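Chemist: Make a model of this:
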Amino acid sequence: KIADDQNIQINNIQKMGLSLLLLVLVFSLGFVRNDTMKHIMWFAILVLFSLVLNYEKYDKELIEDTFKKMLLIVLLCVLIAIQFPQYIKPSMGTLLVFGLLFVIVFRIIDTFFFNKKYNTLISSIAVFIFSAFIIYDTDRIMKDAKECVKSKNPDYLDNMINMFLNLMNLFNNLLAVVEE
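Modeler: Sure, this is the predicted structure:
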């Protein structure tokens, strides 16, 4: 549908299809070894994000307020990762993935059966989980940087994608919390 001459809008079914494609692309990145293909997939992910996410319905002040809060959270997470690396273990990643699956399942249940009644609660849990992901991934980036000195082919693309997705999801969930 064309809303006006300048803006193109997509309906919910198209948005769900694009979101599913986005999810497949993100999970597929872990299995692709060709750097050129990873870059193409990364570009496709950015394009899909621009189609799926719609911030026009939000007030500019709300976006700015959410962004400031997100920056503060990210700063605290990075400081924690730098100050306390001894407490960040590889098993933390597994726990965070299970927490993320919990959020996804309950977000789907809430959307279809409760008409988003628990959206703020689920978004609050997601803010916590993505903050923990930022701590975890910051620690991984610092450890990979030490290993990078030894390697001739450093691969920061995976870490960059993880951090981008963490920040994107943190912002979207924080926006849902602040909006309420």
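Chemist: So which bits of the longest helix seen in the chain are buried?
Modeler: Assignment by DSSP state H gives helix 119-148 as the longest helix of the chain. Using 16 or more other CB atoms under 10 Å as the test for burial, helix 119-148 gives 119, 122-127, 129-141, 144. (Glycine included, C-beta is placed from N, CA and C.)
Chemist: again, but for stretch 38-52
Modeler: 38, 41-42, 45, 48, 52.
Chemist: got it, and stretch 13-27?
Modeler: If you call a residue buried by 16+ other CB under 10 Å, then stretch 13-27 has these buried ones: 18, 22, 26.
Chemist: ok so, going back, switch the buried residues of stretch 38-52 over to TSV; also include secondary structure, distance to M92 and pLDDT.
Modeler: TSV is the format used below for those (DSSP: H, G, I helix; E, B strand; the rest coil; distance: CB to CB, whole Å; pLDDT from 0 to 100):
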residue	secondary structure	distance to M92	pLDDT
K38	helix	25	82
M41	helix	26	86
W42	helix	25	82
I45	helix	25	84
L48	helix	29	81
V52	helix	29	75
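Chemist: Take the residues you listed and lay them out in a markdown table including distance to L71.
Modeler: A markdown table is the format used below for the buried residues of stretch 38-52 (distance: CB to CB, whole Å):
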| residue | distance to L71 |
| --- | --- |
| K38 | 28 |
| M41 | 28 |
| W42 | 24 |
| I45 | 23 |
| L48 | 25 |
| V52 | 23 |
